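Visitor: this is a predicted model, with the sequence first.
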Amino acid sequence: MLAMIAFAGCGSNKQATTSNQPQPVVVTPKIPADDPDIAALDKQIALAKKQKELDRIRDEHQTLPDPCGEYYDDEDYYRDYGLATSLNKASAQSMSIDVAKENIRKHMAEFVQAMGASYRNLYAGSNPNDDIQRKIEGRMLQTVEVMMNSAEKLCQVYEIDTRGNYVYYAAFQVSKKDFKKELTDDLNQLSKEEKLDIDFREQRFQKMMDERFEEQMEARRKAGY
């Protein structure tokens, strides 16, 4: 009995000695949040992910060069296209539409100026003046803006270039037949409202418009369009 007690005591002393030995301490190194190497690695990972996404989009939306560039004026329509590039998709889309419509607006404004001068010289009474021409052109240009707001979309596509930019193409058209009708109504109404010294002759006016349309088309053909 005494031997057993002595053995138990010896074992108890050995266990106590082991628990008092120093234990190893594991230290985890702290990496600063602004460590330049880590920041560069994160940037590389982010760029790689972005490039992978851009490649996917480019594969889905790859198009032929200048896909909306075949739209030009003809005998029946004013037509033109716009091209815009931006890292922002919505911006590229909006700018391409603005460019296309502005190109058409310029063609229509040139026509209005030619018509205003021609009509003033022929039918603005015995003493034609610049005020009459300004009023005629002003009313017609208002119609141009109204028609541009409802211009018919012919083409609108985009692609992604090698730098990740969105490249948007857009093309629109405006009917010359509708334009002629609106301008005829404009001059008819203007002559009544302003009581101008204008001899309004609808048939002759429409013939003049056809002549100006043809002059514009001939100029564009000579320019290679």
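Guide: On my side now, so go ahead. Model, not experiment: these values are computed from the prediction.
Visitor: contacts, neighbours, all on C-alpha from now
Guide: Fine.
Visitor: against residue 192, how distant is the nearest residue to residue 93 once chain neighbours are set aside?
Guide: Nearest residue to residue 93 in three dimensions, chain neighbours excluded: residue 168, at 5.5 Å (Cα to Cα, 6 or more residues apart in numbering). Note on residue 168: its distance to residue 192, by Cα to Cα, to the nearest Å, is 45 Å.
Visitor: neighbour count winner among the two?
Guide: Higher neighbour count among residue 168 and residue 192: residue 168, with 27 against 11, using other Cα atoms under 10 Å.
Visitor: surely that one is within a helix?
Guide: No: Residue 168 is assigned strand when assessed by DSSP: H, G, I helix; E, B strand; the rest coil, not a helix.
Visitor: just list whatever residues bridge to it.
Guide: Bridge pairing for residue 168 (DSSP bridges) gives the partners residue 84, residue 158.
Visitor: buried stuff in stretch 172-189?
Guide: The neighbour-count check on stretch 172-189 (16 or more other Cα atoms under 10 Å) flags 172-174, 176, 179, 182-184, 186-188 as buried.
Visitor: tabulate those residues (JSON lines), appending distance to residue 147.
Guide: Formatted as JSON lines, these follow (distance: Cα to Cα, whole Å):
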{"residue": "172", "distance to residue 147": "11"}
{"residue": "173", "distance to residue 147": "10"}
{"residue": "174", "distance to residue 147": "7"}
{"residue": "176", "distance to residue 147": "11"}
{"residue": "179", "distance to residue 147": "8"}
{"residue": "182", "distance to residue 147": "9"}
{"residue": "183", "distance to residue 147": "11"}
{"residue": "184", "distance to residue 147": "14"}
{"residue": "186", "distance to residue 147": "13"}
{"residue": "187", "distance to residue 147": "16"}
{"residue": "188", "distance to residue 147": "18"}
